[in-house]
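Chemist: Provide a 3D model corresponding to the input given below.
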Amino acid sequence: MKILLFGKNGQVGWELQRALAPLGELIALTTNSTELKADFADPESLAATVRAVAPQWIVNAAAYTAVDKAESEPDLARRINAVAPGVLAREAAAIGAGLVHYSTDYVFDGSGNEPWVEDDETGPLGVYGATKLEGEVLIRDSSCQHLILRTSWVYAARGSNFAKTMLKLAQERDALRIVDDQIGAPTGAELLADVTAHALRSASRRPELCGTYQVAAAGNTSWHQYAQHVIEQARSKGRPIRVAHDAIAAVPTHAFPTLARRPGNSRLDTRKLQDAFDLRLPAWQIGVDRMLTEVLG
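Modeler: Numbering: from 1, shown residues only. Presented below is the predicted three-dimensional model:
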């Protein structure tokens, strides 16, 4: 099997290089690749790359993820998150290849308290969510075989993330204020990559498994509870934590105004994925603790 991976240096792309390597020949590209074009800001340039490589599967881990900045750069966000995946889907259909693409809970409006299922009505709150949703639609409309994997609150030991930011602030400040009315499941890039490899291999053998699925670690938490967990884990490992446990205040979203609205409910129902691919997704704490062990040493 030949696999063409875009976005190899992102959090998910980095883990995908490991997870996909045993499946066959892996050609992994980044935006700065020179021999083969991989610039998602120039979507049509991707077509020549797909034709030159002629893969059995394309895996797209590239995305515009600056949620607030997207409000002032809607055209660029749309080219990267919608038009470019649409080009990949068109080219995949033309050569009979499959496409794996990652989407987000931001395609929903974040209302209610129940986990979102794949067929729930969408309603993005901002440019980022709208462009990711358009990307989904273009892929489905292309008629290519595809796996669209929606996820939430992605982190990795490599690069920056919420947990690392909290660890830094907890060592510098006497008190912290963390949002407590946004609920979701921190999901590791490592888990996403492993699920992707398993789903791709299964869908290669059984094309009827292609479709849209949701992938997130089990359970849910708030950013405030997430921060508390991270900080207490660091404290238990002897890290010099300055902030006291009772000095981590829970505050509402409106305490931190942002250009783009954040969904309050980011819970994702993953039963469809688990049933289709015979998987069991672990609790969010397992992946976070593993990441912290690597980060804290």
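
Chemist: how about low-confidence regions in the protein?
Modeler: The model of the chain has no residue with pLDDT under 70.

Chemist: just the helices from it, written as ranges.
Modeler: 11-20, 45-53, 74-78, 84-95, 127-142, 162-172, 189-205, 223-236, 271-277, 284-296 (DSSP state H).

Chemist: buried residues in the fourth one, which are they?
Modeler: Which is helix 84-95. 84-93 (16 or more other CB atoms under 10 Å). The way it works is simple: take the backbone N, C-alpha and C, and place the C-beta from them, glycine included.

Chemist: go through the helices of the chain and name the closest to residue 121.
Modeler: helix 127-142 (11.3 Å; CB to CB).

Chemist: that closest one vs helix 84-95, what angle?
Modeler: Between helix 127-142 and helix 84-95, the angle comes out at 10 degrees (axes from the mean of the first three to the mean of the last three CA atoms, to 10 degrees).

Chemist: can you name every helix or strand that helix 127-142 contacts?
Modeler: Contacts defined by 3 or more CB pairs under 8 Å, 6 or more residues apart in numbering; DSSP states H and E place helix 127-142 against helix 74-78, helix 84-95, strand 98-104, strand 145-151.

Chemist: which residues sit against the shortest one?
Modeler: So the one you mean is helix 74-78. Helix 74-78 is contacted from outside by 41, 64, 70, 127-128, 131, 134, using CB atoms under 8 Å, 6 or more residues apart in numbering.

Chemist: swap in 6 Å and give it another go.
Modeler: With CB atoms under 6 Å, 6 or more residues apart in numbering as the test, helix 74-78 has contacts from 64, 70, 127, 131.

Chemist: and the residues you listed as JSON lines, adding distance to residue 209 and neighbour count?
Modeler: JSON lines is the format used below for these (distance: CB to CB, whole Å; neighbours: other CB atoms under 10 Å):
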{"residue": "64", "distance to residue 209": "28", "neighbour count": "22"}
{"residue": "70", "distance to residue 209": "32", "neighbour count": "24"}
{"residue": "127", "distance to residue 209": "32", "neighbour count": "25"}
{"residue": "131", "distance to residue 209": "27", "neighbour count": "26"}
